[in-house]
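Trainee: Turn this into a model:
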Amino acid sequence: MKKIIPVMLACLLLLGGCAKSEPERFETTFYDTFDTVVSVIVYANNEEEGNQYLEEVHRRYQELDHLYDGFKHYDGIVNVKAVNDRAGEGKVVVDPELMELLDFSIKNYKTYGKTNIAFGAVTSIWQAYRDRYEVVPEGSVGSDDKALIEGAPGAELPSMDDLKAADEHTNIDDIVLYPDESAVEIKDPQLKIDVGAVAKGFATEKIGEELRKAGCPAALISAGGNVKIIGDAPEKDRKYFGVGIQNPEAVIGKTKGAENVKDVIYANDTCVVTSGDYQRFYIVDGKHYHHLIDPETLMPAEYARSVSIVTKDSGQADFLSTTVFCMPYEEGRRLVDSLDGVEAYWIFKDGTTQVTDGLKPMLRSEGATNDAE
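Mentor: Numbers count the residues shown, from 1 in each chain. Alright, predicted model coming up:
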């Protein structure tokens, strides 16, 4: 997959502020994990402590990226790729951190539906087509304005017959976990585990909480569309961190001059995770086909342009953002409203938005600011 630099990262750095304060602010950006750009801001008592935090965050992202990778082998690591390669061959002993992710994903799917890590036989077909014909959003390295309108030459859709055949091998009950042995078994030889919809958020949650336990008083981690805020904004002139909600039209370049930020969420000690149709896609006959596949239609979901979930746990927010994105608005709204401590922001194809009541006091559009009182 091509590396894409999300517009929201620039917005996050801008909204984060730079006022002189105690503790001091340190930051880094890296591009070598989870097929995205990761931006990290930490606050620390001194440069040595700040650099230690940043180095550990980078190390852990690399470690978890390798462990959750479903496409590449790494020496000495039994990762998702290794488990998939042994589908139908019995139990595979895995690292406890991979077991945690698989257990989390299965339990959430059985609670909420839609986001199925056993769906890899279908998503791998779509990924093959995206890899062949993918379009790079405007402003990214390698972007092509003409391609953003017309798509790559010869771009085509996968066969529905192939997708339906693959869908016969997506039963999550064919993934069997053995917690006492830290082992997993894939019963169906043609089933493929795909943790792409949950792994990045799950990793961000683990790494953020490790930072907190290490004594970091405040931090902001942005891994693509996954943002985790630790603590409160420490600058004296700010009350909250600000997280920008990307405008899909600006990202893909369809509306020239459109503002990059649709809205801003002002909050502390929470997570904001967005699933959208504007980062990984290709174009056939002028229509965009993105990476979030509706399990009911086996086609990219078309209910919204993006869904942002705000809640305390980044892994939960990542799972729910994909789940709600693959639901009609009314169904997704009922789900979010039924969950304590979960808020959501929808952007639709016509540019209109919907917001849960609990999120409104945090939004710039509703008068919220990050100014300290």
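Trainee: centre of the chain versus stretch 323-336, how much separation?
Mentor: Distance, stretch centre to chain centre, for stretch 323-336: 17 Å (CA atoms, centre = their mean, to the nearest Å).
Trainee: what does stretch 153-168 give?
Mentor: On CA atoms, centre = their mean, the centre of stretch 153-168 falls 25 Å from the chain's centre.
Trainee: got the end-to-end distance for that stretch?
Mentor: One end of stretch 153-168 to the other measures 31 Å (CA to CA, to the nearest Å).
Trainee: what ranges of the stretch 201-350 of the chain fall below the confidence cut-off?
Mentor: 252-258 (pLDDT under 70).
Trainee: That one: helices as residue ranges?
Mentor: Secondary structure of the stretch 201-350 of the chain (DSSP state H, counting those that start in this stretch): helices located at 248-252, 314-325, 329-337.
Trainee: Of those helices, which stretch is the most buried?
Mentor: helix 314-325 (a mean of 27; mean count of other CB atoms under 10 Å). Every C-beta, even on glycine, is put in place using the N, C-alpha and C of the backbone.
Trainee: Other residues contacting stretch 335-342?
Mentor: 112, 309-312, 316, 320, 323-324, 327, 343-344, 356 (CB atoms under 8 Å, 6 or more residues apart in numbering).
Trainee: Identify the farthest-apart pair in these.
Mentor: 312 and 327 (21.8 Å; CB to CB).
Trainee: more neighbours, these two?
Mentor: Between residue 312 and residue 327, residue 327 has the larger neighbour count (other CB atoms under 10 Å), namely 22 against 14.
Trainee: Next, the buried residues of stretch 263-280.
Mentor: Neighbour-count burial for stretch 263-280 flags 263-268, 270-280 (criterion: 16 or more other CB atoms under 10 Å).
Trainee: tell me the contacts of residue 162?
Mentor: Neighbours of residue 162 in contact, by CB under 8 Å, 6+ apart: residue 125.
Trainee: Next, give phi and psi for it.
Mentor: phi -70, psi -40 (degrees, to the nearest 10).
Trainee: Kindly provide the distance from it to residue 280.
Mentor: 20 Å (CB to CB, to the nearest Å).
Trainee: Check residue 259 too.
Mentor: Applying CB to CB to residue 259 and residue 280 gives a distance of 22 Å.
Trainee: And residue 77, by the same measure?
Mentor: Applying CB to CB to residue 77 and residue 280 gives a distance of 25 Å.
Trainee: Kindly report the same for residue 357.
Mentor: 31 Å.
Trainee: For residue 281, which non-adjacent residue is closest in space?
Mentor: residue 290 (4.1 Å; CB to CB, 6 or more residues apart in numbering).
Trainee: scratch that, residue 294 is what I was asking about
Mentor: Closest to residue 294 by CB to CB, 6+ apart is residue 301, at 4.1 Å.
Trainee: Might you list the low-confidence residue ranges for the stretch 1-150 of the chain?
Mentor: 1-21, 135-150.
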